[in-house]
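J.: A predicted structure for the sequence below; I have some questions about it.
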Amino acid sequence: QVQIVESGGDLVQPGGSLRLSCTGSRFSMDYWLIGWFRQAPGKEREGVSCINLSDDGATYADSVKGRFTISRDRTKNTVYLQMNNLKPEDTAVYYCARRFGQVCSGLTEDGFGSWGQGTQVTVSS
């Protein structure tokens, strides 16, 4: 069946960088918006970033603007989240999911499905 797999999470020091991968199985990500979300301990899941289908334009949460970059590699059926200058408050399980549409409209979970199992990012010294 359709599957999304996240990878790349790790323990990193504040100020460090990680690149997360979101890879689709049994479907082409070329036809879907892809969103990254995260859930910190004791908190609700929140939207982090989303990449358009139509032009690969991106939307970011205010908390990650200027530090995170979402991108799409169509040859690998993968969407990446490059995370730089990581902060302890970025610690969370990171998930990606897919949604129909051309342009990301905000970072709510509405319409997103086929959630992956998540990958743990821990930022700590």
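T.: The structure has been received and is ready for your questions. Numbering: from 1, shown residues only.

J.: the residue nearest to the spatial centre of the chain bridge partners, please.
T.: The C-alpha lying nearest the average C-alpha coordinate of the chain belongs to Trp36 (Cα atoms, centre = their mean; 2.4 Å). Residues in a beta bridge with Trp36, per DSSP bridges, are Ser49, Cys96.

J.: number the residues from 12 up from this point.
T.: All set: I'll call the first residue 12, so the last point we hit is now Trp47.

J.: wait, isn't it in contact with Cys33?
T.: Yes - counting by Cβ atoms under 8 Å, Trp47 does reach Cys33; the two are 7.0 Å apart. Any C-beta I mention is one placed from the backbone N, CA and C, and that applies to glycine too.

J.: what touches both of these two?
T.: Where contact means Cβ atoms under 8 Å, 6 or more residues apart in numbering, the residues bridging Trp47 and Cys33 through contact with each are Val90, Leu92, Cys107.

J.: confirm that the second one sits in a helix.
T.: Right, the one you point to is Leu92. No - for Leu92, which was evaluated using DSSP: H, G, I helix; E, B strand; the rest coil, the result is strand, with no helix membership.

J.: if I look at it, how far off is Asp101?
T.: In this structure, Leu92 lies at 11 Å from Asp101, with Cβ to Cβ, to the nearest Å as the measure.

J.: looking at these two, which is more packed in?
T.: In terms of neighbours (other Cβ atoms under 10 Å), Leu92 is the more surrounded of Leu92 and Asp101; the figures are 26 against 22.

J.: next, the contact list for that one, please.
T.: Counted by Cβ under 8 Å, 6+ apart, Leu92 has contacts Arg30, Leu31, Cys33, Trp47, Val59, Ser60, Phe79, Thr80, Ile81, Tyr105, Cys107.

J.: need phi/psi at the residue nearest to it when sequence neighbours are not counted.
T.: Excluding the flanking residues, the one nearest Leu92 by Cβ to Cβ, 6 or more residues apart in numbering is Leu31, at 4.3 Å. The phi/psi pair for Leu31 (degrees, to the nearest 10) reads phi -90, psi 150.
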